[in-house]
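1. Turn this into a model:
(one chain, ligands or ions: 1)
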Amino acid sequence: MHNPVLVLPPGRSSADLWSEIVAGDEEQERLPQQPGPGGQAIYRRRKQEKVGKQNAATGKSVVHVARVSLAANGKRVSWNRSLSTRGRTSIAVTACVHHRPEQKHARRKAKPPLPKAKVMHSFEKERSYFQEVDAFELLEESPSPKKSGTWVVGNQTDSFVIPHLSSRLEKWLISKKLNHGCGPSSTLSKILETPAMFSGAKLETPSGSLLQNNSSMCPSLICKNDLERHVHSQLIKLELKDEDLEEAVRKLSLASTCDTSEGDNWNPFTALLAVCGQTAPSNFVDVFSKFCAPSDIIKIGEGTFGEAFKAGNYVCKVVPIDGDLRVNGEVQKRSEELLEEAVLSQTLNRLREGKDDACNACTTFIQTIDLKVCQGTYDVELIRAWEDWDEKNGSENDHPKEFPEKQCYVVFVLEHGGKDLESFVLLNFDEARSLLVQVAAALAVAEAAYEFEHRDLHWGNILLSRNDSRMLNFMLEGKHVNVKTFGLCISIIDFTLSRINTGQDILFLDLSSDPYLFKGPKGDKQSETYRKMKEVTEDYWEGSFPKTNVLWLVYLVDILLLKKSFERSSKDERELRSLKKRLDKYGSTKEAIFDPFFADLLVESAV
Ligand SMILES: Nc1ncnc2c1ncn2[C@@H]1O[C@H](COP(=O)(O)OP(=O)(O)OP(=O)(O)O)[C@@H](O)[C@H]1O
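-> The predicted structure is shown next:
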């Protein structure tokens, strides 16, 4: 999702207007002056110049291990659309190591308190400012961190670095190679044993609950892993239950690579297919026609890596993978990254049913309905839908007709979450505070269940829709809580930067290799939030720092105050400002959810 950076309206002196608006801001930030013609600042979305596709040969050097954007002079050169460097810099191999509570990182120290607000500004000034803000398009996008990044799997204990590898399956292979004592050697086919074989082993979640799991072999290492279980369940879906699994795995081209001697040849694409319940890629028509007639497909949004299409009641996000063709100026994501994303979204899916951790549940994280691998040129109906959208909205992405026959994609079939916060019109203060409480409660639940941190909760990654419901149930650490919705339903998307502890693996993106993420305009709330996250984590992105979730709540309060207009009184605004101040003190959304601001929005319930 592309995110505008706030800049000043025409005719306004940047210094005086912004100082009025942000005078109450605790950081006393100043908006950068970006004068338009004649020295006047302007609002409009920057439409980047259309240029041809980036020739990789003209790109910059690739740093070993970390992936580096080769986009130079292309459409995606601006920091806001791309992180120049994003990479899987390390994989911690943790054979047979149970999850243990995280040790505090040695580099972590107490931070000096942030400066407190000094000046209050008047409601009237703000109101006129909001009106102006809404009257103009925004000049420049805020950083939409590149998804060229790759997931990093880490673990806090007994780790060592293995570059370029991602999945638990790979780690299993490595662990075998390195003979790290996980008991008798198992073949991959055994990892994927039938459920009947899995008995009695317990799955430890970060929140400490013990779950019945399905492993009777090497339980400490193997069968606890989400990805493996998912691969397994997909194999079962493929009706391989009654076959000799060794044979089944061979069919999936995994067995031939799972011997110790051949571990290096392990094929993440094949594993991705297995996770998607496929033995070979599908084509677009087959996937989309499950949801609607191809002629009814409508493009509804775009990101740097994904094109989002509405198909029936669902949204299909199409992400090209593994190809050499640069897409939107970026290197395509790799299969192994998508494997990790699959694990992450499946893990969050479990919160919907209170699986894995019966103490924590919510439905705010977008539901991943299905994942499919497709291959081929872009379907003609998708091209039609893409062009329709381009005509109306002016796409910043490359035209998809460029994709070659052999191009592969992952299609995420997602619940339709509605409109993003950037374009959604909030009606009143009740809706605004329901937005905040739903986001805070969801983050608190995911923190409690999986030490989850979203790390990129800008207004493009919050979707809103309306329905008839008045209450939404959350379960936080065993307590059922009803949240007042005022008919608003929030969904959180895009977990690319997120950190999660699945109970076995820690998935995170190492943002220390993304210098541009932290170089956004001074004063821009989103850019400032990345910088604050860096401060909080001290660039140790593997660690658990739930404070980052609180920073995004602060960002959202700012967005509500500064960028969204809805019916509100000066008292409402004072409440938002004082919430923002108090948020500073919380170390997690689990704490923040008990702030008085949320008190009358939460109703404890028996179920
Ligand atoms: N489940 C969904 N429901 C409704 N709209 C969606 C959904 N998923 C994505 N979209 C739309 O598509 C846009 C792009 O999706 P998303 O942000 O996930 O792509 P991306 O490639 O990861 O973006 P970027 O890398 O630029 O952040 C979203 O901003 C939203 O408008």
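2. From Lys406, how far out is Thr485?
-> Separation of Thr485 from Lys406 (CB to CB, to the nearest Å) stands at 46 Å. In short, each C-beta sits where N, CA and C put it, glycine included.
3. So for these two, which residue has more residues nearby?
-> Per other CB atoms under 10 Å, whichever of Thr485 and Lys406 has more neighbours is Thr485, with 22 against 12.
4. Could I get the contacting residues of the more buried one?
-> For Thr485, the residues meeting the contact criterion (CB atoms under 8 Å, 6 or more residues apart in numbering) are 434, 438, 467, 469-472.
5. and this structure, which residues reach the ligand?
-> Proximity of the chain to the ligand, by CB under 6 Å from any ligand atom, involves residues 1, 144, 147, 300-306, 308, 315, 317, 366, 414-417, 420, 460, 463, 493-494, 496.
6. Can you flag the buried ones in those residues?
-> Buried positions within these, assessed by neighbour count (16 or more other CB atoms under 10 Å), are 1, 144, 147, 300-306, 308, 315, 317, 366, 414-417, 420, 460, 463, 493-494, 496.
7. Please narrow those residues to those residing in strands.
-> The members of these that map onto strands under DSSP state E are 300-302, 308, 315, 317, 414-415, 420, 463.
8. from these, which two are the most distant?
-> Looking at these by CB to CB, the two members farthest from one another are Glu302 and Glu415, with 18.5 Å of separation.
9. hey, which helix or strand in the chain has the poorest pLDDT?
-> Every helix and strand in the chain was compared by mean pLDDT, DSSP states H and E; the lowest is strand 67-68, with a mean of 23.
10. Whichever of the contacts of Thr485 end up buried, select them in ChimeraX.
-> The following ChimeraX command selects only the buried members of the contacts of Thr485, with burial defined by 16+ other CB under 10 Å:
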select :434,438,472
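11. Let me know the closest of the contacts of Thr485 to the ligand.
-> For the contacts of Thr485, the minimum distance to the ligand (CB to the nearest ligand atom) is 14.5 Å, reached by Asn467.
12. Excluding chain neighbours, what is closest to the closest one?
-> For Asn467, the nearest residue in space outside its immediate sequence neighbours is Cys489; the separation is 5.4 Å by CB to CB, 6 or more residues apart in numbering.
13. Roughly how far does that neighbour sit from Glu567?
-> Applying CB to CB, one obtains 20 Å for the distance of Cys489 from Glu567.
14. All the strands of the stretch 301-450 of the chain, residue numbers only.
-> In the stretch 301-450 of the chain, strands defined by DSSP state E, counting those that start in this stretch lie at 307-311, 314-321, 368-375, 408-415, 419-420, listed in chain order.
15. Let me have those in JSON lines, adding mean pLDDT as columns.
-> What follows is the strands of the stretch 301-450 of the chain, written out as JSON lines (pLDDT from 0 to 100):
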{"stretch": "strand 307-311", "mean pLDDT": "97"}
{"stretch": "strand 314-321", "mean pLDDT": "97"}
{"stretch": "strand 368-375", "mean pLDDT": "96"}
{"stretch": "strand 408-415", "mean pLDDT": "97"}
{"stretch": "strand 419-420", "mean pLDDT": "96"}
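16. Tabulate those strands (JSON lines), appending distance to Leu561.
-> Formatted as JSON lines, the strands of the stretch 301-450 of the chain follow (distance: least, CB to CB, whole Å):
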{"stretch": "strand 307-311", "distance to Leu561": "29"}
{"stretch": "strand 314-321", "distance to Leu561": "30"}
{"stretch": "strand 368-375", "distance to Leu561": "33"}
{"stretch": "strand 408-415", "distance to Leu561": "29"}
{"stretch": "strand 419-420", "distance to Leu561": "18"}
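17. Would you tell me which helix is longest in the chain?
-> Scanning the chain for the longest helix, with DSSP state H as the assignment, gives helix 429-450.
18. right, so of the strands of the stretch 301-450 of the chain, which gets closest to Leu344?
-> Among the strands of the stretch 301-450 of the chain, if distance is taken as CB to CB, the winner is strand 368-375, at 9.4 Å.
19. what's the closest one in contact with?
-> The set of residues that contact strand 368-375 without belonging to it, under CB under 8 Å, 6+ apart, is 269, 272-273, 275-276, 278, 281-284, 287, 314, 318, 321, 342, 345-346, 348-349, 406-415.
20. Check which residues of it are buried.
-> Buried residues in strand 368-375, counting neighbours by 16+ other CB under 10 Å, are found at 368-369, 371-375.
21. Could you export the residues you listed as TSV, including distance to Ala449?
-> What follows is these, written out as TSV (distance: CB to CB, whole Å):
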residue	distance to Ala449
Thr368	16
Ile369	21
Leu371	21
Lys372	27
Val373	29
Cys374	32
Gln375	35
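22. re the thing from before, let's see the longest helix of the chain as CSV, backbone CA atoms only.
-> Written as CSV, here are the backbone C-alpha positions of helix 429-450 (Å, rounded to 0.1, in the frame of the first residue of the first chain):
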residue,chain,number,x,y,z
PHE,A,429,-15.7,10.1,17.3
ASP,A,430,-17.4,6.8,18.3
GLU,A,431,-16.1,5.3,15.1
ALA,A,432,-12.7,6.7,15.6
ARG,A,433,-12.4,5.4,19.1
SER,A,434,-13.8,2.0,18.1
LEU,A,435,-11.0,1.9,15.5
LEU,A,436,-8.4,2.5,18.2
VAL,A,437,-9.9,0.0,20.6
GLN,A,438,-10.2,-2.7,18.0
VAL,A,439,-6.6,-2.3,16.9
ALA,A,440,-5.3,-2.1,20.4
ALA,A,441,-7.3,-5.2,21.5
ALA,A,442,-6.1,-7.2,18.5
LEU,A,443,-2.5,-6.2,19.0
ALA,A,444,-2.8,-7.1,22.7
VAL,A,445,-4.3,-10.5,21.9
ALA,A,446,-1.6,-11.3,19.3
GLU,A,447,1.1,-10.0,21.7
ALA,A,448,-0.2,-12.3,24.4
ALA,A,449,-0.5,-15.3,22.0
TYR,A,450,2.6,-14.9,19.9
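23. and the closest residue to the ligand within the chain, what pLDDT?
-> Taking CB to the nearest ligand atom as the measure, the chain has Gly303 as its residue closest to the ligand, at 1.9 Å. Predicted confidence (pLDDT) for Gly303: 89.
24. ok, it to Cys408 distance?
-> Counting by CB to CB, the separation of Gly303 from Cys408 is 18 Å.
25. try Asp468
-> From Asp468 over to Cys408 the distance is 41 Å, taken as CB to CB.
26. Which of the two has more residues huddled nearby?
-> Between Asp468 and Cys408, counted using other CB under 10 Å, Cys408 has the larger neighbour count: 21 against 6.
27. Mind listing the residues bridging to that one?
-> Applying DSSP bridges to Cys408 yields these beta-bridge partners: Ile321, Gln375.
28. Near Ala274, how many residues? Count them for me, please.
-> Other residues within reach of Ala274, judged by other CB under 10 Å, total 28.
29. again, but for Gln278
-> Each residue near Gln278 was counted by other CB under 10 Å, and the total is 18.
30. How about Gly487?
-> Burial measure for Gly487: 15 neighbouring residues, criterion other CB under 10 Å.
31. The residue nearest to Glu422 when sequence neighbours are not counted: what's it in contact with?
-> On the basis of CB to CB, 6+ apart, the spatially nearest residue to Glu422 that is not a chain neighbour turns out to be Trp459, at 4.7 Å. Trp459 sits next to 3, 420-422, 556, 559, 563 when contact means CB under 8 Å, 6+ apart.
32. now Leu443
-> Under the criterion of CB under 8 Å, 6+ apart, the contact list for Leu443 reads 452, 454, 549, 552-553, 589.
33. returning to what we had before: can I get the contacts of Thr485 in a markdown table with pLDDT?
-> As requested, the contacts of Thr485 are arranged in a markdown table below (pLDDT from 0 to 100):
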| residue | pLDDT |
| --- | --- |
| Ser434 | 98 |
| Gln438 | 98 |
| Asn467 | 96 |
| Ser469 | 93 |
| Arg470 | 96 |
| Met471 | 97 |
| Leu472 | 97 |
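34. related to what we said a few turns ago, who wins for neighbours among the contacts of Trp459?
-> Leu556 (26 neighbours).
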